[in-house]
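Participant: coords please:
(5 chains)
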Amino acid sequence: MESKPLLPMKPKKKPNPKKNTFRLKKIGLAPGTLLYMGKKHHIPLNVEIFHYDSESYERQASASIDDCIPCKTKMGVTWLNVNGLSDLASIQKIGNFYQLHPLLLEDLVNTGQRPKLDEYENCIFVVIKMLSYPEEGDIVTEHLSFVLGDNYVLSFQENEGDVFDSVRDRIETKKGRVRNSGADYLLMVLMDTLIDHYFLVIETLGEKVETLENSLIENPSEDLVFEIQHLKKEALTIRRAIYPLREVVNQVEKSELKFIQKETLHYFRDLYDHTIQIIESIELYRDMLFGLTDLYMSGLSNKMNSVMKVLTIISTIFIPLTFIVGVYGMNFKNMPELTFHNGYYVVLGVMFLIFVLMILYFKKRKWL
Amino acid sequence: MESKPLLPMKPKKKPNPKKNTFRLKKIGLAPGTLLYMGKKHHIPLNVEIFHYDSESYERQASASIDDCIPCKTKMGVTWLNVNGLSDLASIQKIGNFYQLHPLLLEDLVNTGQRPKLDEYENCIFVVIKMLSYPEEGDIVTEHLSFVLGDNYVLSFQENEGDVFDSVRDRIETKKGRVRNSGADYLLMVLMDTLIDHYFLVIETLGEKVETLENSLIENPSEDLVFEIQHLKKEALTIRRAIYPLREVVNQVEKSELKFIQKETLHYFRDLYDHTIQIIESIELYRDMLFGLTDLYMSGLSNKMNSVMKVLTIISTIFIPLTFIVGVYGMNFKNMPELTFHNGYYVVLGVMFLIFVLMILYFKKRKWL
Amino acid sequence: MESKPLLPMKPKKKPNPKKNTFRLKKIGLAPGTLLYMGKKHHIPLNVEIFHYDSESYERQASASIDDCIPCKTKMGVTWLNVNGLSDLASIQKIGNFYQLHPLLLEDLVNTGQRPKLDEYENCIFVVIKMLSYPEEGDIVTEHLSFVLGDNYVLSFQENEGDVFDSVRDRIETKKGRVRNSGADYLLMVLMDTLIDHYFLVIETLGEKVETLENSLIENPSEDLVFEIQHLKKEALTIRRAIYPLREVVNQVEKSELKFIQKETLHYFRDLYDHTIQIIESIELYRDMLFGLTDLYMSGLSNKMNSVMKVLTIISTIFIPLTFIVGVYGMNFKNMPELTFHNGYYVVLGVMFLIFVLMILYFKKRKWL
Amino acid sequence: MESKPLLPMKPKKKPNPKKNTFRLKKIGLAPGTLLYMGKKHHIPLNVEIFHYDSESYERQASASIDDCIPCKTKMGVTWLNVNGLSDLASIQKIGNFYQLHPLLLEDLVNTGQRPKLDEYENCIFVVIKMLSYPEEGDIVTEHLSFVLGDNYVLSFQENEGDVFDSVRDRIETKKGRVRNSGADYLLMVLMDTLIDHYFLVIETLGEKVETLENSLIENPSEDLVFEIQHLKKEALTIRRAIYPLREVVNQVEKSELKFIQKETLHYFRDLYDHTIQIIESIELYRDMLFGLTDLYMSGLSNKMNSVMKVLTIISTIFIPLTFIVGVYGMNFKNMPELTFHNGYYVVLGVMFLIFVLMILYFKKRKWL
Amino acid sequence: MESKPLLPMKPKKKPNPKKNTFRLKKIGLAPGTLLYMGKKHHIPLNVEIFHYDSESYERQASASIDDCIPCKTKMGVTWLNVNGLSDLASIQKIGNFYQLHPLLLEDLVNTGQRPKLDEYENCIFVVIKMLSYPEEGDIVTEHLSFVLGDNYVLSFQENEGDVFDSVRDRIETKKGRVRNSGADYLLMVLMDTLIDHYFLVIETLGEKVETLENSLIENPSEDLVFEIQHLKKEALTIRRAIYPLREVVNQVEKSELKFIQKETLHYFRDLYDHTIQIIESIELYRDMLFGLTDLYMSGLSNKMNSVMKVLTIISTIFIPLTFIVGVYGMNFKNMPELTFHNGYYVVLGVMFLIFVLMILYFKKRKWL
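Facilitator: Prediction:
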């Protein structure tokens, strides 16, 4: 009967995914104190080490941190990919090995940290949000951070399973320029892959917006206003991820960071174009969602109008007729019409005439 | 009965023209990988070569890329006009010949790329959107790119058939300054021609907005809200094309690009004025469209008001009268009025009086 | 009955004054090609020459362009006031005489050109819009341009009849500083006179807005929404003229233009203050107009409320009473009340009681 | 019955206080021509002279301008406080004495001039608006100007009676730093006193806004929308005075004006903080006023809802019952129920049952 | 029946917490005059002195100001924590001891002062607002100020009881870096603790917004609009505290203040990130609150629609039926149907048929 809802309607009171309860634990702690703020507490730390230059390539899937010690002095690029952020001791160990600033480590495990780029003396630190739509349900935001040093990139993720398989493949098979370039190019490639996935999310959102618009046009049912509200929130989630990300990419391009080589800047400009494109799309969908609220409200008014018309037509036709029959239901002794032989038929005829005139009147006013 | 709709009403669920499905193919590809993102896959590459200076003029309508090799060393300006973007091998070949950066080529065939200007060492790269209204239907956006080098302009289009005939004519007949000027002037002339066509689109949109406004004033029918929504989307499409274009033209004027000569800057300033003028018009129409939503909503309310008035007038007149006739329809034994000889006529008279008073009351309240 | 409308209501479909049909003629023309874009095609060119210094003063009302040749070498200021823009040949002749850039001449006759200031090597070019309210009808926009050179000011207008009589008078009678100052001061005086006339237009708009507000307060009739929409458009027209004009005046004040002497800058700062004042007024009226839309919508709702109240009061009173009389109109054999001697009067009394209670109830709820 | 209105409701058509009719007189006058634009034409010029240094103090309450001639050469600070702006000859005389620029004098008597700071060679000119709420009625705006020279401050006001008594007192009794500081400190003190009075106006507005909010919560009566509109206009009036004033104070603080000593800058920064605080308050009240419009509209809708509910409940209960009694009012010969001994009571009982069920239904839907 | 309200509904007219009545006392006072503007007049001044360096640590809980005289010459950091601002004489004494500028002292006791940072020759002065939600009721704003000098931090609070216990603990137990750092680090730690508490407030607000959203979805009752309005005001209160605070932190980071060492800047950048995060959250909740207004209005319209439907269904079914029974209630002599044996039953049958058809019609239109 109703168009199938996109989302479960009138959701029960549910926990707020944006609630940063763990944030509260931080109150009273000294700055630079490590505290994991995410929800995936039981994911064990998993380290994957890549070491490559244009000639050689090496990969250790489940390595310990000590495994990357030899890389430090060798030529070539090291990529240390760390999954799981709840093992603070190991994170601290990595931090010590690469001499990372305590504030950097704090932000690295603080899953509430917004996207940003910080320049330290010995590295660049980048926080990015990974967005994805699961099979069913709302947008999922994941906290990723990158550390770019002289000849290494460290990447930190909350979850197992990532979107970097194509990068691994390109390193392994020497596709593209990655094997012939430095660590800065690797960082760019990783960020590019992440940003590419934003397009997927944007497109899914776009489809939802359009399905919703079609539903609204067909039948502005009562529950669709909750969907509009829901999609507005999802659009806000994406905006909160992409706007600071644009600033990050812009910062790379504009400030002359010492770890980014001049040749790689062209590619970062390209990334910047992509973020602008994503922002334009998200703003378009937001505009459309605001338009949908108008559509919905005018749909409601139209429905009300049509309900009122039915009532008015029926009332306007029958109330006067009921009055007429009431007149001849009066019990006055002296009512000559009542005794006319055809009085009944004349009255029926008059009433039919009134009925027809009313119908014509409503036709003329385009109510029928 | 209804005013003739400007657009097909309540459109069925249709594919979204803005859906960038091909964009998704890019995920996982190395930056600089060519991938044609448009829909015109079967248009064969067609190259047209112009070579001219103030003295001589040469044109090859269906040339191969090799045909422009001799131009490279000759004096004068070369204009290479390429139609069709799906033949990636040939595009790559042109790129190699003119030593174009891989990212430039990627953007050139990426029809989802927004308007922009990139400065490379050996050329300037400009992406512009061509807008047009077909005979029937929505705005069509076409992806165009220009490469301005030392003594050449390359123009790339998705479709056969373009708007540059007047430019060809001016080159051929030595009208205007184009034959006496460099490649930068040619680029300016091509962009000027494109921007001139925006005025056509703006004017068509303006006519649609006004037709819609007139329809709304005459009869705020239910479906017009979809048209308002539709025109808002078209205005958004134009905005998405013209705002970055303004930035492009501004960039040419402001930054001292090495391929633009000082004399040509005056003309680019003129282009900038045109883009501002287009932006002002589009903002005017957007403002008008938002005003139309107000008009529509107040039209709905007015309609409701007039429906309610009819109902109220009829009810207010006849419900009391019906009560009166009901009174004399009661079957009490002892109702003296019923036996009065003129009782019936007195009651009819009283009811007529009430009727007249009601009418006067409604007249006074301006409901009739 | 209705308050007298300020404007013709529900205007028929009419030609759009903003439609720049002539703009379309330009497509395909080389930049710098003269094309008159206005509507006053048959106004012959009329040239008026003033030549003055602090000592002498000379005026030729209907001069030919050749008449100003001697002025070129003499000391003093020349003011060439040209009426009519459709005689392109003469415009071109003036352009040649004063060595004006082709783009300048193009903008000079392009009546769609927005206000701007262009700096050329040998002159400053200023485009301004003259606004006026005719006796009846909408705002009229007229295209004016000024060329300020070393010792001359050229002014170009579409129409005969202008607002510069006070300036002519001041030059003739040596009132104010104009005779003792240079061409830049004359330009300032001319612009000042134009901007002074904006105050007239603003005030007329202000009066319209207030008349409209009063009408809305007295009777929010259905047509007033069109007036609101109409005045919003007029406010937009003024904004489109004054905002770029502010930029023009600001540009004079900020950039060190070589044709403007330092002493005159104080006066341009004064002009800038005036434009700010006009902008503040226009924004005030726009805010008021948006407020009027709210007033109107709430007026509609209030009207609906009062219609509904009438309906509800009448229905609530009489429907139950009609039920009661219906009860005693039933034809049951055994209805003891019917035979009571005072049954009829008791029922009438009960109904009167109900009536009174209802009235009191509505009084208490402040519906009456 | 109604809550007592804050303001006279539905104001009659009244003269617009913002109408700058006198502005129109200016059209055609040379810049720098004095023309008093205010309404207080018959207030005679009244000059008050203060001359003081840390040692001595002198005051002449009703002085002539010649009285300040000796001050010019003496050490110490002169404060010339002028009331009344319509005596243009005297104003001109003061202007000549202090060698004030003609444009300065023009702005000084132009009561429509917005707040601004102009730097002249021999002085700084400041225009400020004095705001006050009279006992009854709307905000009153008064035009004040200050001229700060080497060792003097001139203050010009339209009206007798000002807010500077506390300053006079401080000068006389050597309270604060004023006697030990220069003319710039005196200017700061005068401006500080004016800005302090803005807080009074803001607070009065705030009280009006809250009274209005309370009225809206208690009873969203029809006329309150005019009050909202009225208070929005008052907030706009204050904004128009305070925003340019902030610019004035900022300009003093930022630009290194030669008449302002470095020690005084700290105090101007303090003034700047005050203007920011006023701006924050006015924006808060504007936000609240926009919120009130929402409150009002939802109040209207709620009222309508409750009216509709009454109608619906009464109709829904009695229309079916009336039908039932109508059935037994039919005159069919063969209607067995009519002859049942208890038929009447059974029908009454059934109707009572229906009545009770309806009431329960409405209770369940929370309509009762 | 109704969902339990979050806040007391329809609050009685209450004193405005933002009313700055004490501000008015200031009018006419010389700048730099101390005047306590808060409400906590009877809290006696309480001074707590900390003196520490990396080796030693000393604390005096209830000290006199003279107790800190020896600290002035000793090495190490002094933290003077002052509770209570109404004892102006003691504040003045502290001011004299530390040679604080009169304007600084004025702002220090002026509880209406907005957050700001002022740089003086011998110190930096910072005003911050402390926000907290009490157990029940609205947000409480408390005025805090810090003075950072060479080797001391002064903190001033209105109330006993603060949020600095964790800092005291860290100083005492040498946790974190505070004992090994200078006074600037101590200031940072204090500000960090304050900002951490903003997260608590934000989260409480967020919970209220969500509870409200759930209430709206379940039952858009009339009073919820006041809650929306109320929460909007609370969000405004937080915004008024956090936006200038961001400016303060940004100013510390950007301007090279002489009392802030380079190493500490990293931590201030971290603070800046936190303020941005708070601002993002507050803007998110504001957006949500605006969305709730839409939800509420559409909820009202839906309610109205459903009320109207009930009325329309009942009326549309029974009004025609009532007409029919009215027809057979007429008293015409000659009405053949009345004498048909089954006339009554046929009419009943026809009416039942009409009833069923009506029900089907409404089912089809999805009204039932």
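Participant: contact partners for the closest residue to chain C within the stretch 151-300 of chain A?
Facilitator: Nearest residue of the stretch 151-300 of chain A to chain C (CB to the nearest CB) works out as residue A:297 at 12.2 Å. Yep, even glycine has a C-beta here, placed from its N, CA and C like the rest. Shown in contact with residue A:297 (CB atoms under 8 Å, 6 or more residues apart in numbering or on different chains): B:297, E:297, E:298, E:301.
Participant: the closest residue to residue A:355 other than its chain neighbours sits in which helix or strand?
Facilitator: Leaving out its chain neighbours, the residue that sits closest to residue A:355 by CB to CB, 6 or more residues apart in numbering or on different chains is residue A:317, at 6.2 Å. Assigned by DSSP states H and E, residue A:317 belongs to helix A:262-327.
Participant: ok and that helix relative to helix B:262-327, angle-wise?
Facilitator: 20 degrees (axes from the mean of the first three to the mean of the last three CA atoms, to 10 degrees).
Participant: chain center to helix A:262-327: distance?
Facilitator: 21 Å (CA atoms, centre = their mean, to the nearest Å).
Participant: quick one: mean pLDDT over that helix.
Facilitator: Here helix A:262-327 scores 91 as its mean pLDDT.
Participant: after it, next one along is what?
Facilitator: Criterion used, DSSP H and E; the element after helix A:262-327 is helix A:336-339.
Participant: show residues contacting that following helix.
Facilitator: With CB under 8 Å, 6+ apart, helix A:336-339 has contacts from A:328, A:343, A:347, E:330, E:331, E:332, E:333.
Participant: picking that back up, what two of the contacts of residue A:297 are the furthest from one another?
Facilitator: The span of the contacts of residue A:297, defined through CB to CB, is set by B:297 and E:298 at 13.4 Å.
Participant: quick revisit: if you rank the contacts of helix A:336-339 by neighbours, which is first?
Facilitator: When neighbours are counted by other CB atoms under 10 Å in any protein chain shown, residue E:330 leads these with 25 neighbours.
Participant: which residues are in contact with it?
Facilitator: A:325, A:328, A:329, A:338, A:344, A:347, D:331.
Participant: give me the element the fifth one is part of.
Facilitator: Just to be clear, that refers to residue A:344. helix A:343-364.
Participant: residues making contact with that helix?
Facilitator: A:313, A:316-317, A:320-321, A:324-325, A:328, A:337, A:340, A:368, E:327, E:330, E:332-335.
Participant: using ChimeraX, define a selection of the buried residues within the residues you listed.
Facilitator: A single ChimeraX command selects the buried members of these (16 or more other CB atoms under 10 Å in any protein chain shown):
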select /A:313,316,317,320,321,324,325,328,337 /E:327,330,332,335
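Participant: with distance to residue B:122 added, can I get the contacts of residue A:297 in CSV?
Facilitator: As requested, those are exported to CSV (distance: CB to CB, whole Å):
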residue, distance to residue B:122
B:297, 57
E:297, 59
E:298, 58
E:301, 62
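Participant: and those residues, which is closest to residue D:219?
Facilitator: residue E:297 (20.1 Å).
Participant: ok but residue A:54 is inside a helix, no?
Facilitator: No. Judged by DSSP: H, G, I helix; E, B strand; the rest coil, residue A:54 forms no part of a helix; its state is coil.
Participant: neighbours of it, how many?
Facilitator: Count around residue A:54 with other CB under 10 Å applied: 13.
Participant: give me the domain ranges for chain A.
Facilitator: Per the record, chain A has its domains at A:37-298, A:301-364, by automatic domain parsing.
Participant: per-residue confidence at residue A:3?
Facilitator: 41.
Participant: tell me the SS of residue A:150?
Facilitator: Going by three-state DSSP: residue A:150 is coil.
Participant: that one: neighbour count?
Facilitator: Around residue A:150 there are 13 residues (other CB under 10 Å).
Participant: so it is in contact with residue A:184, correct?
Facilitator: No. The criterion here is CB atoms under 8 Å, and residue A:150 misses it with residue A:184 at 10.0 Å.
Participant: so what sits against both of those two?
Facilitator: residue A:259.
Participant: spell out which parts of chain A neighbour chain C.
Facilitator: residue A:329 (CB under 8 Å from any CB of the partner chain).
Participant: figure out the helix or strand that the most centrally placed residue in chain A lives in.
Facilitator: For chain A, residue A:234 is the residue whose C-alpha lies nearest the centre (CA atoms, centre = their mean; 3.6 Å). Taking DSSP H and E as the definition, residue A:234 sits inside helix A:224-254.
Participant: could you give the mean pLDDT of that helix?
Facilitator: Per-residue scores along helix A:224-254 average to 91.
Participant: check contacts around the single nearest residue of the stretch 51-200 of chain A relative to chain D.
Facilitator: With CB to the nearest CB, the shortest gap between the stretch 51-200 of chain A and chain D falls at residue A:114, namely 26.2 Å. By CB under 8 Å, 6+ apart, residue A:114 lies in contact with A:127, A:129, A:240, A:244, E:273, E:276, E:277, E:280.
Participant: ok, and the most crowded of the residues you listed?
Facilitator: residue A:127 (24 neighbours).
Participant: that one is in contact with residue A:115, isn't it?
Facilitator: Yes. Here residue A:127 lies in contact with residue A:115, judged by CB under 8 Å, at a distance of 5.2 Å.
Participant: identify the contacts common to the two.
Facilitator: What both residue A:127 and residue A:115 touch, as defined by CB under 8 Å, 6+ apart, is the set residue A:248.
Participant: what residues does the stretch 251-368 of chain A put near chain E?
Facilitator: Residues of the stretch 251-368 of chain A lying near chain E (CB under 8 Å from any CB): A:293, A:296-297, A:300-301, A:303-304, A:307-308, A:310-311, A:314-315, A:318-319, A:321-322, A:325-326, A:328-331, A:335, A:337-344, A:347-348.
Participant: tell me how many other residues surround residue A:27.
Facilitator: With other CB under 10 Å as criterion, residue A:27 counts 15.
Participant: quick revisit: let's see the helix holding residue A:344 as PDB, backbone CA atoms only.
Facilitator: Extracted C-alpha coordinates of helix A:343-364, given in PDB (Å, rounded to 0.1, in the frame of the first residue of the first chain):
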ATOM      1  CA  GLY A 343     -46.000  17.900  -4.700                       C
ATOM      2  CA  TYR A 344     -43.600  15.100  -3.800                       C
ATOM      3  CA  TYR A 345     -42.400  14.700  -7.400                       C
ATOM      4  CA  VAL A 346     -42.000  18.500  -7.900                       C
ATOM      5  CA  VAL A 347     -39.900  18.700  -4.800                       C
ATOM      6  CA  LEU A 348     -37.800  15.700  -5.900                       C
ATOM      7  CA  GLY A 349     -37.300  17.400  -9.200                       C
ATOM      8  CA  VAL A 350     -36.300  20.700  -7.700                       C
ATOM      9  CA  MET A 351     -33.800  19.000  -5.500                       C
ATOM     10  CA  PHE A 352     -32.400  17.100  -8.500                       C
ATOM     11  CA  LEU A 353     -32.000  20.400 -10.300                       C
ATOM     12  CA  ILE A 354     -30.100  21.900  -7.400                       C
ATOM     13  CA  PHE A 355     -27.900  18.900  -7.300                       C
ATOM     14  CA  VAL A 356     -27.000  19.200 -10.900                       C
ATOM     15  CA  LEU A 357     -26.400  22.900 -10.600                       C
ATOM     16  CA  MET A 358     -24.100  22.300  -7.700                       C
ATOM     17  CA  ILE A 359     -22.100  19.700  -9.600                       C
ATOM     18  CA  LEU A 360     -21.700  22.100 -12.500                       C
ATOM     19  CA  TYR A 361     -20.600  24.900 -10.100                       C
ATOM     20  CA  PHE A 362     -17.900  22.600  -8.700                       C
ATOM     21  CA  LYS A 363     -16.800  21.500 -12.100                       C
ATOM     22  CA  LYS A 364     -16.400  25.200 -13.100                       C
END
